[in-house]
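Colleague: Pasting a predicted model and its sequence here:
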Amino acid sequence: MSEITIKINGETVTENVEPRLSLADFVRDHRRLTGTHLGCEHGVCGACTVLMNGEPVRSCITFTVVADGTEITTIEGFDEDEPMKQLRKAFHENHALQCGYCTPGMLVAARDIVTRLPDADEARVRLELAGNLCRCTGYVGIVNAVLQVLEERRG
Amino acid sequence: MGQFGIGQAIVREEDPRLLRGRGVYAGDVNLPRQAYALMVRSPHAHAEIRSIDSKAANSLPGVLAVYTGEEVAADNLGVPGMPVKWIRPDGEPMGYRPQPPLALGRVRYVGDPVALVVAETLDAARDAAEALIVDYKPLPSVTDTARTVDAEAPVIWDDAPDNVSALYQAGDAWATEAAFANAAHVVKRRFVISRVFAQYMEARSAVGEYDERDDRFTLYADVQYPHRVRQLLAEKIFQVPEQSVRVVARDVGGGFGTKGWQYPEHRLTLWAARKLGRPVKWSCERTEAVQADEHGRDNVTEAELAFDADGKVLALRVRTLANIGAYLSAIRNLLAAYTNVGTLVGVYDIPTAHAEVRTVHSNTNPTAPYRGAGRPEATYVIERMFDAAARELGIERTVLRAKNFIPPEKMPIRTPLGLCYDCGEFAANQEAALKMADYSGFEERREEAAMRGKLRGIGTANPIERSASPSPDFAEIRFTTDGTATILMGTKSQGQGHETVYKQIVGERLGLDSDSMRVIDGDTDRVAFGIGTMGSRSTVIGGSALYRAADKVIERAKPIAAHMLEASIEDMEFASGIFTVAGTDRTVTLTDVAKASFLPARLPPGAEPGLFESATFAPEDDTYPNGSHVCEVEIDPETGETNIVGYWVVDDVGVVVNPNIVKGQIHGGVAQGVGQVLMEQVAYDPDSGQLLSASFMDYCMPRADDFSDIAIVSNPVPTTRNPLGVKGAGEAGTVGALPATMNALLDALMPVGVTDLPMPATPHAIWQAIEKAKFG
């Protein structure tokens, strides 16, 4: 067991955890923040994407002990975030979600795109979204939503 | 009330909570004192279990129990049962092979459940599972569908030495034979349709609870058919009164047909919860999901199409081997193999047809409905046959199709495979789709691509499918004293936007605004009855039931409104949520009538207080959504990589309640069809039967950069088979995409001599086909 201190969505928590505990399981089971979803447990689908010190990471293949001393933002931590507000509105208007399971991770990835790549075109958006699987939408609404926010932020 | 009616592209009610990560999925359910379960599964495709030694496992800290097949069998849990009595080709009855929740003496596919470990934590369960010693004696296995019927193939069930489970037939063998004998031209092809898996983003979970204070089981699980799960668990498995079981499904992260009612984990978590006196939680990991869940499709088909000298189809003959896996537990495992054989004739006016399906066993998972459930397969056969026939007859593909469409004036028509198509404009759909795709300009685009060293192709398909098959579903509108309404539905959303669509229907009919309604589904304690969501039935059947329930609300409210306005019932008019005394400006809202209904002093004499109405609707016949798909691809011959450069759909799903939601369903359906053609597969090693595609590293999933925009235009031809005029929309995209995409690939590769492709047509498979055509 190791003692770790992590700031999650602005709240500092200290706990003893097993080395094998993933950040996803820590967030979901120890902190009961169930908005971060597990889609594959091996880092491919992106559903578990959270921000660690502002950068997207796959929480399913990140060990909690590695997150010691970092700031983690999960989907629940973006309620008041400006780019995320724009994205939520655009996702809503563009039917960019159906079952909602990939959505938290998709939003974190989308937020990274719109804040990091302000000039991305459709091909680039599709490439950047390729790390997040969605089984329901065929990606049409998601791509349109991200393009809409990029345009809003440019204009 | 214009704002919230039928036909409006309303944004979804479900979105706000899902966008904030506040959905409640089965894996998010956590009960006090819950224990954690892990399934131990067979690593062999076929093996005898010589012994299981759980001593070491049981002694590890935190382990509460290690159960094997014998313990479960000792408690006499029942089996689902088989309502159909088919026969084998040799006349013997089809064998019923229910899968035991935990294996008894033998395992028959990689993933077959062997033991259930329950512990204080998941990690403790994992450690115990690793300490479990199972002594297997591996046996020869067969997983390849075509090889199951070979003389030397390993036998799964001793009383079916040819591995054939049953023979199913449709159509007229003699008339078809005669038509073939007189045909000017016969086109013959063989198709292999791959085995795939739904791969919903939410892998399954089950939290089972037994409360001994009221002798009740509660199952929290992501199921598409909550009431059917309840019925099975109560009536068949545990043999307790149905009220002793509650099933709760809240947000479900995708289902696609595969989140069915007979998974062993539902029974095992409840059974273990009762034994241990604590709730038991099981969550499936992704690498476990392909091993644990029911698979989709998987058949080998030989098809023949007979033509006269003018290119008119005379007859269709189809022989299919459908791989149903190692076990046969319930009718559900047969549905995809036979219920949709009817649409093998497609939208074409084929005078006679005969189809034969042999269901075969193999050392693989059971199969079950997966988006389309046999309809994509049927459409694949007929649409590929038309492309093949066009080449052989020298008639352009879309012209040959147009020659053979069933014209609108001939409908309703009973097809030679037993279905009754009621309406549709097949020629108009194709024309519109070809125009959208600029089909006539394609050859120029092919030339331009060739100059860049790329192979460009265009493919079409005109899907039709039976959907919303006759079976009832239920809707209740229940007002409360504050005048707001709860809408309780027997269907179960897994992301299709039911909350929104149902509110639109009630908004249209009763004029209530969104904030004064709440939609509930998925809880068998709250919703009186239901079948669930599958086969594109929810708007058709659930929506129609809701429409009828709304009518009943108006009828019940009318006398109360009349009494409140001191008018006679005959003078009452109702529109947009308001009762009006005809010819006056005296009004009362439905909301106020609802509030008043709970106050006896305000009611007419003899009126029953309260305002709650329900309706159950069962259509008389299926609906037939149909359409036309065009897919354009560009292949890089150096790498075999395919780029989808355009995809267009004209769809007829009848009246469109919400255009955004319909489009979303078609987008998603197209993606699953394209995925199966280009990349997805549940793959087994042909010799060892070892599962090769359990993780997302090996099971290739379609991504955002695999697609272009998918353009959709609706051409609704309303059906009269339900009060809303809707046809099912949930699976239509997949039904068309499977053939349209493959037809596009073959069109691209025809100039370089490739005449067929395996499914999936991966870059490697395409590259190999090109090389083989070059060098022979």
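Modeller: Good, I have the coordinates. Numbering: from 1, shown residues only, chains lettered A, B, ... in the order given.
Colleague: ok, now which ones touch the residue in chain A that chain B sits nearest to?
Modeller: Of all residues in chain A, the one sitting closest to chain B is A:Gly35 (2.2 Å; CB to the nearest CB). Placement of C-beta: from N, CA and C, glycine included. A:Gly35 makes contact with A:Thr74, A:Ile75, A:Glu76, A:Pro104, B:Arg20, B:Gly21, B:Arg22, B:Gly23, according to CB atoms under 8 Å, 6 or more residues apart in numbering or on different chains.
Colleague: Cross-check the contact I'm expecting between A:Glu76 and B:Gly21.
Modeller: Yes - using CB atoms under 8 Å, A:Glu76 is in contact with B:Gly21, at 5.4 Å.
Colleague: Overlap in contacts, the two.
Modeller: A:Leu33, A:Gly35.
Colleague: Give me the more crowded residue out of the two.
Modeller: More crowded of A:Glu76 and B:Gly21, by other CB atoms under 10 Å in any protein chain shown: B:Gly21, with 24 against 18.
Colleague: Wait, that one touches A:Pro104, no?
Modeller: Yes - judged on CB under 8 Å, B:Gly21 makes contact with A:Pro104 at a distance of 4.5 Å.
Colleague: helix, strand or coil for the residue of chain A closest to chain B?
Modeller: Recorded secondary structure, A:Gly35: coil (DSSP: H, G, I helix; E, B strand; the rest coil).
Colleague: Give me the pLDDT value at it.
Modeller: For A:Gly35, the pLDDT comes out at 98.
Colleague: For it, give me the backbone phi and psi.
Modeller: The phi and psi values for A:Gly35, taken as degrees, to the nearest 10, are phi -70, psi -30.
Colleague: show me where the stretch 201-350 of chain B has strands.
Modeller: Secondary structure of the stretch 201-350 of chain B (DSSP state E, counting those that start in this stretch): strands at B:205-211, B:216-221, B:245-248, B:280-283, B:296-307, B:313-323.
Colleague: Which residue is the nearest non-sequential neighbour of residue 46?
Modeller: By default, I'm working from chain A. Spatial nearest neighbour of A:Gly46, excluding adjacent residues (CB to CB, 6 or more residues apart in numbering or on different chains): A:Asn132 at 3.6 Å.
Colleague: was after chain B, sorry
Modeller: B:Ser141 (3.9 Å).
Colleague: Verify the contact between the one you found and B:Ala326 for me.
Modeller: No - the criterion here is CB under 8 Å, and B:Ser141 misses it with B:Ala326 at 9.4 Å.
Colleague: what helix or strand is B:Gly673 on?
Modeller: helix B:659-678 (DSSP states H and E).
Colleague: Distance from that helix to the middle of the chain?
Modeller: 13 Å (CA atoms, centre = their mean, to the nearest Å).
Colleague: is chain A contacted by that helix?
Modeller: Yes - interface with chain A: helix B:659-678 contributes B:Asn660, B:Ile661, B:Lys663, B:Gly664, B:His667, B:Gly668, B:Gly669, B:Val670, B:Ala671, B:Gln672 (CB under 8 Å from any CB of the partner chain).
Colleague: Return the residues in contact with the nearest residue to the fourth one once chain neighbours are set aside.
Modeller: Read it as B:Gly664. Once flanking residues are discounted, B:Gly664 sits nearest to A:His95: 4.9 Å by CB to CB, 6+ apart. Residues near A:His95 by CB under 8 Å, 6+ apart: A:Thr137, A:Gly141, B:Val11, B:Arg12, B:Asn660, B:Ile661, B:Lys663, B:Gly664.
Colleague: let's see 7 Å
Modeller: A:Gly141, B:Asn660, B:Gly664 (CB atoms under 7 Å, 6 or more residues apart in numbering or on different chains).
Colleague: surely the first one meets A:Ala96?
Modeller: Yes - with the criterion set as CB atoms under 7 Å, A:Gly141 and A:Ala96 qualify as a contacting pair; they are 3.8 Å apart.
Colleague: Of the two, which one has the most company?
Modeller: With neighbours defined as other CB under 10 Å, A:Gly141 and A:Ala96 compare such that A:Ala96 has more, 28 against 25.
Colleague: what kind of secondary structure is that one in?
Modeller: coil.
Colleague: quick one, what contacts it?
Modeller: Per CB under 7 Å, 6+ apart, neighbours of A:Ala96: A:Thr137, A:Gly141, A:Ile142, A:Ala145.
Colleague: Number of residues surrounding residue 29?
Modeller: You didn't pick a chain, so chain A it is. A:Asp29: 16 neighbours (other CB under 10 Å).
Colleague: try chain B instead
Modeller: Applying other CB under 10 Å, I find that B:Val29 has 20 neighbouring residues.
Colleague: go on, B:Ser695?
Modeller: B:Ser695: 16 neighbours (other CB under 10 Å).
Colleague: same deal with the one 3 residues further on?
Modeller: Look at B:Asp698: counted by other CB under 10 Å, it has 14 neighbours.
Colleague: That one - that's part of a helix, no?
Modeller: No - B:Asp698: not assigned to a helix; according to three-state DSSP it is coil.
Colleague: can you give me the strands for chain A?
Modeller: A:2-8, A:11-17, A:49-52, A:55-58, A:71-73 (DSSP state E).
Colleague: Pick the most deeply packed of these.
Modeller: With neighbours taken as mean count of other CB atoms under 10 Å in any protein chain shown, the strands of chain A reach their highest mean count in strand A:49-52, at a mean of 24.
Colleague: got TSV for the contacts of A:Ala96, with distance to B:Glu302 and pLDDT too?
Modeller: Putting these into TSV (distance: CB to CB, whole Å; pLDDT from 0 to 100) gives the following:
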residue	distance to B:Glu302	pLDDT
A:Thr137	36	97
A:Gly141	40	97
A:Ile142	41	98
A:Ala145	45	98
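Colleague: Now for B:Pro161: which residues touch it?
Modeller: B:Pro161 neighbours (CB under 7 Å, 6+ apart): B:Val155.
Colleague: roughly how far apart are it and B:Arg108?
Modeller: Distance of B:Pro161 to B:Arg108, computed by CB to CB, to the nearest Å: 16 Å.
Colleague: Around chain A, pick out the residues from the stretch 251-400 of chain B.
Modeller: When proximity is defined as CB under 7 Å from any CB of the partner chain, the stretch 251-400 of chain B approaches chain A at B:Asp251, B:Val252, B:Gly253, B:Gly254, B:Glu285, B:Arg286.
Colleague: got a pLDDT number for B:Gln3?
Modeller: Looking at B:Gln3, its pLDDT stands at 60.
Colleague: What sits closest to B:Met385 if chain neighbours are left out?
Modeller: In space, B:Met385 is closest to B:Leu305, 4.7 Å off (CB to CB, 6+ apart).
Colleague: repeat for B:Gly253
Modeller: Per CB to CB, 6+ apart, closest to B:Gly253 is B:Glu202, 2.4 Å.
Colleague: ok, now A:Ile72?
Modeller: A:Ile8 (4.8 Å).
Colleague: Which of the contacts of A:Gly35 fall in helices?
Modeller: Mapping these onto helices (DSSP state H) picks out A:Pro104.
Colleague: Serialize the residues of helix B:659-678 next to chain A to CSV and add fields for pLDDT and neighbour count.
Modeller: Listed next are these as CSV, based on pLDDT from 0 to 100; neighbours: other CB atoms under 10 Å in any protein chain shown:
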residue, pLDDT, neighbour count
B:Asn660, 93, 19
B:Ile661, 92, 25
B:Lys663, 93, 26
B:Gly664, 94, 28
B:His667, 95, 24
B:Gly668, 95, 29
B:Gly669, 95, 30
B:Val670, 96, 30
B:Ala671, 96, 28
B:Gln672, 97, 28
